[in-house]
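K.L.:
Sequence and predicted structure below; questions after.
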Protein chains: 2
Amino acid sequence: MAGPPKQDVVSPLMPDRSSAVYAGLRRAIIEQALLPGDRLPEDTIGEQFGVSRTLVRSSLTRLASEGLVEQRRNKGAYVASPSLASARDIFDVRRKLEDLVVQLLAGRLNQDDAKKLREHVEQERSAHAQDGPESIRLAGEFHILLAEMTGNALLARYVSEVTSRCSLILALYGRPHSSECAVNEHAQLIDALEAGRSEDACRIMAHHIGAVQERAHIDNTPRNEQRLKSILSHYAGTASRGLRP
Amino acid sequence: MAGPPKQDVVSPLMPDRSSAVYAGLRRAIIEQALLPGDRLPEDTIGEQFGVSRTLVRSSLTRLASEGLVEQRRNKGAYVASPSLASARDIFDVRRKLEDLVVQLLAGRLNQDDAKKLREHVEQERSAHAQDGPESIRLAGEFHILLAEMTGNALLARYVSEVTSRCSLILALYGRPHSSECAVNEHAQLIDALEAGRSEDACRIMAHHIGAVQERAHIDNTPRNEQRLKSILSHYAGTASRGLRP
DNA sequence: CCTATCCAGATTGTATACAATAATGCAGAG
DNA sequence: CTCTGCATTATTGTATACAATCTGGATAGG
């Protein structure tokens, strides 16, 4: 990438640059490219994404409302670092929400959706095999996908939020160990849901969430500095991609 | 322009004018002074609160993230008017969340908190006697208070959100009939929680939420026009008051 | 050598200016 | 009379400018 080409290349396909900033930052946080406690200066971000501070601020506020970012007055925004206590709180809420998801979906999962879910699990498998940063994101997106299939928009939003926050929690307290079992549990859950075995589905989900929480132990990994620019330059380009493969 | 008196009277006691706009609009919506579908032009609001569009926008975005306001691109913000389908969705989620509140609080309610709750119920009673607009808000705030007492901040936020949205739903579909029973049910709930009768508490809460949902039927009341300015001029002044009496 | 104070730089908070888009109303044709 | 097309106006979307606040370091005093 020679010369100083303005990064307006995105214009034709970018109806909403604000969402691009939001999505880019969100992915960077979920995939743990940005770690809890990292500072998020408006200038730097705006530069990388090619927008003014106005849009950056609005994105940061949105992320803050979802709990991924903390905004401290006159001190700027940071990637949130939830305490152990709030981690427990988040899991308590998550369990209830996922309960509802299973309850709404058991026996009502159509073949189309089941197929989509199985394809997603396959993606998880291959991402996990490559040990890439995407496996974290994909594992979470499975739950979001499931919640969206209930047709309950509020539930989907809440599940999306707690799922994202769990990524943060694992980044802070989780063991680096792989999420092999998670992928299998996802597959089992689909089977149970499709077959209408709601008891099983509920049990599997409970166990699964428990396993995720289990992985949360103290394990503070040091973080590098000044990676921000290079990270953002990566996420600025791929920001618009959604759940699709 | 000549020197019109700036309405900066609030400065000394207003550390955060942005929150004032947010709180004022929120109350106006919860108390049904602003009704679902009402337009919320940035200029008008900014004028009334004495702030620039910047802060108004940020407040509207925040309200939108809570589901009280809908923002449509290039078309401005409106008080949200949830569909009947999404009303059902909201109640589904609310039931689960309130379940968790009861579960966390049963037998763990200290005397201080119980006292505070009983005082709140008294407020509800008197507001209901006067048939003022505050009774709507207070009924909701009971549930928010309860959720806050769990110490689970996320749960409190979610309960606050679904509670607010329920106010909207009642404004749209609710019968104008009073919420007498609700006040009594609140009192019963406190007793059950304090005594540690978690079964009872859970049952009362379920019945209570059911009763609230019951009141949601089609009953479209026409809305007046151009009340906006006068409404806002009222809420601009009283914006900073919180839960305290 | 350590501590306190103050200045300069950097960063955020808010207002305003300008650009882009949608809403409105009028004119003319059918 | 109604409908279509265009010009005007109102409102939102974004960028920039300025004010307020915080941060870090240099310097003087203990």
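P.N.:
Happy to help now that I have it.
K.L.:
Get me the contact residues on chain A for DNA strand C.
P.N.:
Listed as neighbours of DNA strand C in chain A under the rule Cβ under 7 Å from any atom of the strand: A:40-43, A:53-54, A:57, A:71, A:73-77. All C-beta atoms are positioned from the backbone trio N, CA, C, and that covers glycine.
K.L.:
can you tell me how far A:S65 sits from chain B?
P.N.:
5 Å (Cβ to the nearest Cβ, to the nearest Å).
K.L.:
now do A:A147
P.N.:
Going from A:A147 to chain B by Cβ to the nearest Cβ gives 11 Å.
K.L.:
Assign that residue to helix, strand or coil.
P.N.:
Look at A:A147: counting by DSSP: H, G, I helix; E, B strand; the rest coil, its state is helix.
K.L.:
Can you check the pLDDT for it?
P.N.:
pLDDT, A:A147: 97.
K.L.:
ok, it - contacts?
P.N.:
Neighbour list for A:A147: A:97, A:101, A:155-156, A:158-160 [criterion: Cβ atoms under 8 Å, 6 or more residues apart in numbering or on different chains].
K.L.:
cool, and A:I204?
P.N.:
Contact partners of A:I204, counting by Cβ under 8 Å, 6+ apart, are A:185, A:188-189, A:192.
K.L.:
Show me what the residue of chain A found nearest DNA strand C is bridged to.
P.N.:
Ranking the residues of chain A by distance to DNA strand C (Cβ to the nearest atom of the strand) places A:G76 first, at 3.1 Å. Beta-bridge partners recorded for A:G76 (DSSP bridges): A:R72.
K.L.:
Touching, it and A:D38? I think so.
P.N.:
No. The pair A:G76 and A:D38 fails to qualify as a contact (Cβ atoms under 8 Å) at a distance of 11.1 Å.
K.L.:
returning to what we had before: please identify which of the contacts of A:A147 is nearest to chain B.
P.N.:
A:L155 (5.4 Å; Cβ to the nearest Cβ).
K.L.:
Comparing A:G76 and A:D38, which residue is more hemmed in?
P.N.:
A count of neighbours by other Cβ atoms under 10 Å in any protein chain shown puts A:D38 above the other of A:G76 and A:D38, at 20 against 13.
K.L.:
Excluding chain neighbours, what is closest to that one?
P.N.:
Spatially, and ignoring its direct neighbours in sequence, A:D38 is nearest to A:V79 (4.5 Å; Cβ to Cβ, 6 or more residues apart in numbering or on different chains).
K.L.:
who's in contact with the one you found?
P.N.:
Neighbouring residues of A:V79 by Cβ under 8 Å, 6+ apart: A:29, A:34-38, A:40, A:68-70, A:168.
K.L.:
make it 10 Å
P.N.:
Applying Cβ atoms under 10 Å, 6 or more residues apart in numbering or on different chains, we find A:V79 in contact with A:25, A:28-29, A:32, A:34-40, A:63, A:68-70, A:168, A:171, A:223.
K.L.:
Point out the ones among these that are inside strands.
P.N.:
Under the assignment DSSP state E, those contribute A:39-40, A:69-70 to strands.
K.L.:
from the residues you listed, which would you call buried?
P.N.:
Neighbour-count burial (16 or more other Cβ atoms under 10 Å in any protein chain shown) applied to the ones in strands among the contacts of A:V79 gives A:40, A:69-70.
K.L.:
Closest one to DNA strand D out of those, please.
P.N.:
Distances from DNA strand D to those, taken as Cβ to the nearest atom of the strand, are shortest for A:E70 (13.5 Å).
K.L.:
where in chain A is pLDDT low?
P.N.:
Where chain A drops to pLDDT under 70, the residues are A:1-15, A:176-181, A:212, A:215-230, A:237-245.
K.L.:
Outline the domain layout of it.
P.N.:
The record's domain parsing of chain A by automatic domain parsing lists A:14-35+A:37-80+A:223-237, A:84-214.
K.L.:
Make JSON lines out of those and add distance to B:M205.
P.N.:
Below are the domains of chain A laid out as JSON lines (distance: least, Cβ to Cβ, whole Å):
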{"stretch": "domain A:14-35+A:37-80+A:223-237", "distance to B:M205": "26"}
{"stretch": "domain A:84-214", "distance to B:M205": "14"}
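K.L.:
Out of these, which is closest to DNA strand D?
P.N.:
Closest approach to DNA strand D among these (Cβ to the nearest atom of the strand): domain A:14-35+A:37-80+A:223-237, 3.3 Å.
K.L.:
Could you export the host helix or strand of A:A182 as CSV, keeping only the C-alpha atoms?
P.N.:
Element membership for A:A182, per DSSP states H and E: helix A:180-195. As requested, the backbone C-alpha atoms of helix A:180-195 are provided in CSV (Å, rounded to 0.1, in the frame of the first residue of the first chain):
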residue,chain,number,x,y,z
GLU,A,180,-12.8,-27.5,22.1
CYS,A,181,-15.6,-28.8,24.2
ALA,A,182,-17.7,-25.7,23.5
VAL,A,183,-17.9,-26.6,19.9
ASN,A,184,-19.2,-30.0,20.7
GLU,A,185,-21.7,-28.7,23.1
HIS,A,186,-23.0,-26.3,20.5
ALA,A,187,-23.6,-29.3,18.2
GLN,A,188,-25.4,-31.3,20.9
LEU,A,189,-27.6,-28.3,21.7
ILE,A,190,-28.7,-28.1,18.1
ASP,A,191,-29.6,-31.7,18.1
ALA,A,192,-31.6,-31.4,21.3
LEU,A,193,-33.4,-28.3,20.1
GLU,A,194,-34.3,-29.7,16.8
ALA,A,195,-35.6,-33.0,18.3
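K.L.:
That one and chain B in contact?
P.N.:
No. Under the criterion of Cβ under 10 Å from any Cβ of the partner chain, helix A:180-195 makes no contact with chain B; the nearest approach is 17.4 Å.
K.L.:
next SSE after that helix?
P.N.:
As assigned by DSSP H and E, the chain's next helix or strand after helix A:180-195 is helix A:198-214.
K.L.:
how about that next one: buried residues?
P.N.:
When burial is assessed from 16+ other Cβ under 10 Å, helix A:198-214 yields the following buried residues: A:198, A:200-202, A:204-205, A:208-209, A:212-213.
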